[in-house]
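Student: Next come a sequence and a model predicted from it.
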Amino acid sequence: MDADDLQPRRVDDPLGAVGAQDLDPLSVAELTARIAALEAEIVRSRAKLVAATRFRGAADALFKR
């Protein structure tokens, strides 16, 4: 892995910023809160993925792709 792979791809790349954040200074409570927030974001992202897949399927059926 190249060191550049650890840096955000764009200035506004929030996922890259999350992955590059130094976790060493965080307390156990802060790490627990971070994990809870990330797990909530995973749930939200999966729900969006399901909705987008359903929408795409409906659009494909409408236009008979």
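Tutor: Sure thing, it's come through.
Student: Mind pulling up the pLDDT for A61?
Tutor: You'll see A61 listed with a pLDDT of 83.
Student: so where does it fall, helix or strand?
Tutor: Secondary structure from DSSP states H and E places A61 in helix 28-63.
Student: Is the spatially most central residue of the chain part of a helix or strand, or is it coil?
Tutor: Closest to where the C-alpha atoms of the chain average out (CA atoms, centre = their mean) is L15, at 5.9 Å. Here L15 is recorded as helix under DSSP: H, G, I helix; E, B strand; the rest coil.
Student: How much space separates it from E41?
Tutor: For L15, the distance to E41 (CB to CB, to the nearest Å) stands at 10 Å. From N, CA and C alone the C-beta is placed, and that goes for glycine too.
Student: try V50
Tutor: Separation of V50 from E41 (CB to CB): 15 Å.
Student: More neighbours: these two, which one.
Tutor: Shown here are V50 and E41; by other CB atoms under 10 Å, E41 has more neighbours (13 against 10).
Student: picking up where we left off before, distance check, the residue nearest to the centre of the chain against L31.
Tutor: Counting by CB to CB, the separation of L15 from L31 is 18 Å.
Student: Just the CA trace of stretch 43-61, in PDB.
Tutor: Only the C-alpha atoms of stretch 43-61 are listed here, as PDB (Å, rounded to 0.1, in the frame of the first residue of the first chain):
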ATOM      1  CA  VAL A  43     -27.300   1.300   8.600                       C
ATOM      2  CA  ARG A  44     -28.300   4.600   6.900                       C
ATOM      3  CA  SER A  45     -26.000   3.700   3.900                       C
ATOM      4  CA  ARG A  46     -27.500   0.200   3.500                       C
ATOM      5  CA  ALA A  47     -31.000   1.600   3.600                       C
ATOM      6  CA  LYS A  48     -30.100   4.100   0.900                       C
ATOM      7  CA  LEU A  49     -28.600   1.300  -1.200                       C
ATOM      8  CA  VAL A  50     -31.700  -0.800  -0.900                       C
ATOM      9  CA  ALA A  51     -33.900   2.200  -1.900                       C
ATOM     10  CA  ALA A  52     -31.600   3.100  -4.800                       C
ATOM     11  CA  THR A  53     -31.600  -0.500  -6.000                       C
ATOM     12  CA  ARG A  54     -35.400  -0.700  -5.900                       C
ATOM     13  CA  PHE A  55     -35.700   2.600  -7.700                       C
ATOM     14  CA  ARG A  56     -33.300   1.400 -10.400                       C
ATOM     15  CA  GLY A  57     -35.300  -1.800 -10.800                       C
ATOM     16  CA  ALA A  58     -38.500   0.100 -11.100                       C
ATOM     17  CA  ALA A  59     -37.000   2.400 -13.700                       C
ATOM     18  CA  ASP A  60     -35.500  -0.500 -15.600                       C
ATOM     19  CA  ALA A  61     -38.900  -2.200 -15.700                       C
END
